[in-house]
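Undergrad: Structure of the sequence below:
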Amino acid sequence: MQLIPVKENELSEVLHIQKMAFKKLYETYHDHQTSPYTQTFKRLAEKYHQSNNYFFFIVTSEKIGFIRIVLNDMQTHARISPIAILPEQENHGFGQQALALAEKHFSEIKRWQLSTILQEEKLVHFYQKAGYIQQKEVHPIQENMTITFFNKEILLENKLC
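TA: Okay, the predicted model is just below:
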């Protein structure tokens, strides 16, 4: 698997993957306000031009998903928002590989953050398996949907020359 930066002329592909990846969650929760499924091309383009990085994950030359990484001003912390994979490519370990490649690519990042839906046990497990620690803070979106937050601290090895 490779992480390849998304070019501006590829944003329609990002939007397609995003809609496919988040369709099931949207149909479950009908979250019109925060769901990536309802994001417009215009809003995606605005996010693309912010201080962040979009990467496709490529397997055998096929774009099967993407990850957006937002760095803080000092480039010591990063937020993943979102990570998406085509439904037919789920459960093959590609998401775990993409997270690991992102962490390796941004090796200077000390703290990673992300959020997901608390009621989605599969997603909660996915992030825990990747070493992310669930925080106590939660944010209710609607009656049957709560956002939970995760952090991952990367210990940087101090090597003496």
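Undergrad: There's contact between His139 and Met145 in this structure, I believe.
TA: No - applying C-beta atoms under 8 Å, one finds His139 not in contact with Met145, separated by 9.8 Å. Placement of C-beta: from N, CA and C, glycine included.
Undergrad: Of those two, which one has the most company?
TA: Met145 (19 against 12; other C-beta atoms under 10 Å).
Undergrad: Give me the pLDDT for the more buried one.
TA: We have a pLDDT of 97 for Met145.
Undergrad: I figured it hits Asp31, correct?
TA: Yes - between Met145 and Asp31 there is a contact under C-beta under 8 Å: 6.1 Å.
Undergrad: sec struct for Glu108, please.
TA: coil (DSSP: H, G, I helix; E, B strand; the rest coil).
Undergrad: Excluding chain neighbours, what is closest to it?
TA: Gln75 (6.4 Å; C-beta to C-beta, 6 or more residues apart in numbering).
Undergrad: what's the answer for Phe41, then?
TA: In this structure, Phe41 finds its nearest non-sequential neighbour in Leu15, 5.6 Å apart by C-beta to C-beta, 6+ apart.
Undergrad: what residues does the helix or strand hosting that neighbour touch?
TA: Using DSSP states H and E, Leu15 sits in helix 11-29. Residues outside helix 11-29 that contact it (C-beta atoms under 8 Å, 6 or more residues apart in numbering) are 6, 31, 35-39, 41, 44-45, 48, 54, 56, 63-66, 82, 84-87, 117, 120, 141-142, 144-145.
Undergrad: Now a ChimeraX select for only the buried ones of these.
TA: The buried residues among the contacts of helix 11-29 can be selected in ChimeraX (16 or more other C-beta atoms under 10 Å) with this line:
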select :6,31,35,36,37,39,44,48,54,56,63,64,65,66,82,84,85,86,117,120,141,145
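Undergrad: before we move on, back to that, relative to the whole chain's centre, how far out is the helix holding Leu15?
TA: Relative to its chain's centre, helix 11-29 lies at 13 Å (C-alpha atoms, centre = their mean, to the nearest Å).
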